[in-house]
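>>> requesting a structural model of the entry that follows:
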Amino acid sequence: MTTIARAALLLAVLVGAIAGVQTPADTAAAAAVAPLQPNIVVIMTDDQPLGRLDAMPKVRSLIKSEGVTYPYSMVPTSLCCPSRTSFLTGRYSHETGVYQNSPPYGGWPLFHDSGAESHTLATWLNASGYETALVGKYLNYLIKSDPGYTPPGWDTFVGLLRGGYYYKYTLRSQINGVTTDTTYGSAPKDYSTDVLAAQAVATIEQAPTTKPLFLVFTPLAPHGPMTPAPRHDGLWPTEGPTTPDVNERYMGDKPAWMQDLGLVSETDLTRKITDQHNSLMAVDEAVQDIVTALGDRAANTLFVFTSDNGLMLGSHRWSGKAMPHAASTLVPLLLRWDGHIAPGSVDERIALNVDVTATILQAAGVDQATSGFSLLDPSARTGTVLEAMKDEDRFRPAYCGWRTKRWLFVQWTDNLGRELYDYRKDPYELHNLADNPAYLERMITMRDNAKDACSPVPPGFTW
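Alright, predicted model coming up:
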């Protein structure tokens, strides 16, 4: 628009306003100041494995049915802080150096001290004109920050500082330039998902409509202790594990350290599976509230629904995450962007958390190098690295691996064992083919891919 045309448009708006009538120029002026970049809303749950969307009808109707599902969505390092920093930066753990949730190899202190916190989706999008907000979980050990500290790039920041995941917790909030720490109790009104959802809605309602909005909503559900909101407690029918990988009967072909794993209580697993469903019901309601609050702006919004990692509930006798197996690395991923993504579609490409980062940047029109591939482009990965350093608490060794849609290869450090699975024939990873001579060539190829991609190797790992 030329300077003369812009002046004429503004004059027409002024005349119309003085006269108290609606003019065609009003509509043109509104269009002139409306953001061209899409709003971007990311919902990232905590420890949500595949198969839990059945308790989330609002997510299925508002995002899945209106967008695309990625059945091969994975995280290369299946742990909270490594995964979340990969999402924020578009970089793998071997690039960020974040391998754990706590110092010295992870958590907020390492992310901050390394300087990586100053180069994230928040800082890039904020510099490109976005109103930015994070509401929910940020990174573990934010409590180690200075009083009043909030991460760079966020116009609004409401992050978990310390305490429980559902009750008796403290949030650090930066809203309109004012930073406060607020502690919540154990009353029903203090239930964290509801508190965070209300703040996310308030953020949307208060955000300027002349700027695009980047909102990251990160509730704590269904992370343990998987506490449901009082209104949802007991609603989901009791559900126990049913797949043959849970408390796997024969472990003789697994690496020696895994053969020593004991059986996991199926009573405990049933409670966890049931309460995961119950706790996600409040998240489902929060998603509906967010979409409703956006109103007409939802039509120009890229929605992302995902989780930071999966969770193994008894699979191969392991209860937890930070493993290379499918139950730990596969996560839900749904994208909706009206007019850009076909509703009700399925994309069977491998999609990583770093790819979500690249997708957001492309949608926003921000030129920033990452290790991800934008899912808005047709390019496809042949596979992905899987990597983690030693888990001292669980005595799980470090590993490097390579995962394709069909195959999984894992090398455990110090020659502590290898695993090779063919998902086409063995979807539950029950038959380790690493020592089968018929698959030697396949294993060598997968190992070479892992060595190329897992570089530098995790701390403490040796080939």
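
>>> verify the stated contact: Arg394 with Ser319.
No: with contact defined as C-beta atoms under 8 Å, Arg394 does not count as touching Ser319 (9.7 Å). Every C-beta, even on glycine, is put in place using the N, C-alpha and C of the backbone.

>>> okay, those two: which has more neighbours?
Shown here are Arg394 and Ser319; by other C-beta atoms under 10 Å, Ser319 has more neighbours (18 against 12).

>>> thought that one was touching Met312?
Yes: counting by C-beta under 8 Å, Ser319 touches Met312, with 6.5 Å between them.

>>> shared neighbours, the two?
In terms of C-beta atoms under 8 Å, 6 or more residues apart in numbering, Ser319 and Met312 are not both contacted by any residue.

>>> my read: Asp155 touches Thr132, true?
Yes: between Asp155 and Thr132 a contact is recorded at 5.1 Å, counting by C-beta under 8 Å.

>>> quick one, what contacts Asp284?
The contact partners of Asp284, taken as C-beta under 8 Å, 6+ apart, are 55-59.

>>> phi first, then psi, for it.
The phi/psi pair for Asp284 (degrees, to the nearest 10) reads phi -60, psi -40.

>>> now do the same for it: its pLDDT.
Asp284 is assigned 98 on the pLDDT scale.

>>> and for Asp391?
Looking at Asp391, its pLDDT is 89.

>>> over to Ala8?
pLDDT at Ala8 comes out at 36.

>>> and Lys144, by the same measure?
Looking at Lys144, its pLDDT reads 97.

>>> do the same with Ala30
pLDDT recorded at Ala30 is 39.

>>> so what's Lys168 up against?
Here Lys168 is in contact with 183-186, 190 (C-beta under 8 Å, 6+ apart).

>>> next, give phi and psi for it.
Per-residue torsions, Lys168: phi 50, psi 60 (degrees, to the nearest 10).

>>> and for Ala388?
The phi/psi pair for Ala388 (degrees, to the nearest 10) is phi -160, psi 150.

>>> hmm, it is touching Val75, no?
No: contact criterion C-beta under 8 Å: Ala388 and Val75 do not qualify, at 10.7 Å.

>>> off-centre distance for stretch 422-434?
Centre-to-centre, stretch 422-434 and its host chain are 27 Å apart (C-alpha atoms, centre = their mean, to the nearest Å).

>>> pull up the distance across it, start to finish.
Stretch 422-434 has an end-to-end distance of 11 Å (criterion: C-alpha to C-alpha, to the nearest Å).

>>> can you give the contact residues for that stretch?
Contacts to stretch 422-434, defined as C-beta under 8 Å, 6+ apart, come from residues 243-245, 248, 250, 253-254, 315-316, 325-326, 405-409, 417-421, 439, 442-443.

>>> so how far is Ile360 from Leu125?
8 Å (C-beta to C-beta, to the nearest Å).

>>> so between these two, which is more surrounded?
For Leu125 versus Ile360, the count of surrounding residues by other C-beta under 10 Å is larger for Ile360: 29 against 23.

>>> excluding residues flanking it in the chain, which one is nearest the more buried one?
Using C-beta to C-beta, 6 or more residues apart in numbering and skipping the chain neighbours, the partner closest in space to Ile360 is Ile40 (5.6 Å).
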